[in-house]
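Trainee: Here's my sequence, what's the structure:
(one chain, ligands or ions: 1)
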Amino acid sequence: MGSIDAPTTTENGTTQSHAAATADGDQKRLASANGAPAEMTLESEATKKRRSSVLPLEVGTRVMCRWRDGKYHPVKVIERRKMHFGGPDDYEYYVHYTEFNRRLDEWVKLEQLDLDSVETVVDEKVEDKVTSLKMTRHQKRKIDETHVEVGHEELDAASLREHEEFTKVKNIATIELGRYEIETWYFSPFPPEYNESLKLYFCEFCLNFMKRKEQLQRHMRKCDLKHPPGDEIYRSGTLSMFEVDGKKNKVYGQNLCYLAKLFLDHKTLYYDVDLFLFYVLCECDDRGCHMVGYFSKELSDMTAIKAEDILTTLQSLELIQYRKGQHVICADPKVLDRHLKAAGRGGLEVDVSKLIWTPYKEQS
Ligand SMILES: [Zn+2]
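Mentor: I've put the predicted structure just below:
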């Protein structure tokens with residue numbers, strides 16, 4: 001899974017609608033924009049009154065919020081905090097856009113919120129998408145050999161709530177990795193001393209992370225890695241794949257997990273990387289090998305892919321039949337076509353002759 005450069009994929013298969021605000025919200029904006037001058041003084045008095053009666057907003061409040069598209073969208077207040085340089089009642093709010101995936105939750109300023117739209121009575125029946133997720137067949141059969149990730153569908157309601165309570169506020173908003181600045185999606189459990197930083201600076205080769213740009217610059221002068229620490233098992237054109245053994249490169253493996261968690265909602269492996277191999281895909285130039293994605297594989301038989309897994313996958317894809325006591329692969333062109341279409345563009349083709357790899361054997 002290309003965890004790093006995957007902002008176009010959706011983790012839970014939920015499609016995101018970046019659609020405009022509800023018609024209701026738009027109408028409200030229009031209404032206040034069209035207010036006649038004579039009514040304005042009155043209105044602003046009323047607004048003032050209203051402000052003081054609702055502020056500061058309570059956690060759980062539902063209100064309309066101006067998003068980056070300039071439109072108003074319904075949000076729920078998840079958390080609030082006092083502004084560093086504000087007065088005693090100046091807060092900023094961490095909000096969840098109820099129409100969107102959790103990855104778009106963010107801190108917003110008061111001026112982004114339309115206080116006229118504050119809902120004083122919270123309707124408990126209105127559920128967020130995140131708690132009313134329905135599992136698709138695809139998600140059900142998703143065989144995830146990457147770590148011990150669990151999707152929403154495998155968590156019961158209580159542990160889902162617990163997960164969301166613990167990870168409700170994104171700690172790191174952006175990261176710098178090589179030449180890129182990347183907006184993050186989710187909470188990641190960095191050591192506590194990093195939680196005050198909105199931005200982290202990663203060395204793109206050893207994946208050490210720092211709080212300040214100058215620290216990274218100093219680090220880059222002495223870091224001698226120019227590619228992931230492991231064996232190059234594939235090279236074709238400018239693309240290389242490296243196999244990194246988590247046991248031999250524990251810190252790298254952990255750093256990779258911290259980084260990946262910023263883009264995965266549910267992922268539980270951070271420290272026990274010993275039992276994993278990481279396959280890191282890089283694009284290489286004269287400056288070095290720049291990571292573009294990775295997947296990992298657990299070495300334990302417990303979670304390895306077994307014959308039954310392959311069987312159920314093929315069954316769910318309708319590509320296998322049971323005939324005369326044995327399984328027969330039946331690749332109906334029409335069915336294949338449907339799957340290919342659903343999968344989207346094919347991606348890069350692997351040139352098998354350029355693969356230099358032997359399956360991992362437990363070293364004694
Ligand atoms: Zn480094």
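
Trainee: Number of residues surrounding Asp69?
Mentor: Taking other Cβ atoms under 10 Å as the neighbour definition, Asp69 ends up with a count of 11. All C-beta spots, glycine's among them, are computed from the backbone N, C-alpha and C.

Trainee: Name the SS class of it, please.
Mentor: At Asp69 the chain is in coil, as set by DSSP: H, G, I helix; E, B strand; the rest coil.

Trainee: For it, grab phi and psi.
Mentor: When quoted as degrees, to the nearest 10, the phi and psi of Asp69 stand at phi -80, psi 0.

Trainee: any idea how far the ion is from it?
Mentor: 37 Å (Cβ to the ion, to the nearest Å).

Trainee: Can you tell me which residues in the stretch 101-250 of the chain are near the ion?
Mentor: Residues of the stretch 101-250 of the chain that fall close to the ion, judged by Cβ under 5 Å from the ion: Cys203, Phe205, Cys206, Cys223.

Trainee: Any of those buried? List them.
Mentor: Among those, those classed as buried by 16 or more other Cβ atoms under 10 Å are Cys203, Phe205, Cys206.

Trainee: Strands - which of those land there?
Mentor: Using DSSP state E, the subset of those located in strands is empty.

Trainee: now the residues you listed in a markdown table, with pLDDT?
Mentor: Formatted as a markdown table, these follow (pLDDT from 0 to 100):
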| residue | pLDDT |
| --- | --- |
| Cys203 | 97 |
| Phe205 | 97 |
| Cys206 | 97 |
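
Trainee: Just send those residues back as TSV, with distance to Ser159 too.
Mentor: Rendered in TSV, the data for those read as follows (distance: Cβ to Cβ, whole Å):
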residue	distance to Ser159
Cys203	35
Phe205	37
Cys206	34
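
Trainee: wait, which of those residues is closest to Gln217?
Mentor: Compare each of those with Gln217 using Cβ to Cβ and the shortest gap goes to Cys203, at 10.4 Å.

Trainee: give the contact list for the closest one.
Mentor: Contacts for Cys203 were tallied using Cβ atoms under 8 Å, 6 or more residues apart in numbering; they are Phe209, Met210, Leu216, His219, Met220, Cys223, Leu225.

Trainee: Can you lay out the residues of the stretch 101-250 of the chain next to the ion as CSV showing distance to Ser53?
Mentor: Supplementary listing: these in CSV, determined by distance: Cβ to Cβ, whole Å:
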residue, distance to Ser53
Cys203, 51
Phe205, 55
Cys206, 54
Cys223, 56
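
Trainee: Verify the assumption that Arg103 is located in a helix.
Mentor: Yes: with three-state DSSP as the criterion, Arg103 is assigned to a helix.

Trainee: how close does it sit to Tyr180?
Mentor: From Arg103 across to Tyr180, the span is 18 Å (Cβ to Cβ, to the nearest Å).

Trainee: Please apply the same query to Tyr186.
Mentor: From Tyr186 over to Tyr180 the distance is 18 Å, taken as Cβ to Cβ.

Trainee: domains for this structure, by residue range?
Mentor: Residue ranges for the domains of the chain, per automatic domain parsing: 23-131, 143-297, 307-354.

Trainee: most tightly surrounded among these?
Mentor: Of all the domains of the chain, domain 143-297 carries the top mean neighbour count, a mean of 17, counting by mean count of other Cβ atoms under 10 Å.

Trainee: Show me how far that one is from its chain's centre.
Mentor: The chain centroid and the centroid of domain 143-297 are separated by 12 Å, computed with Cα atoms, centre = their mean, to the nearest Å.
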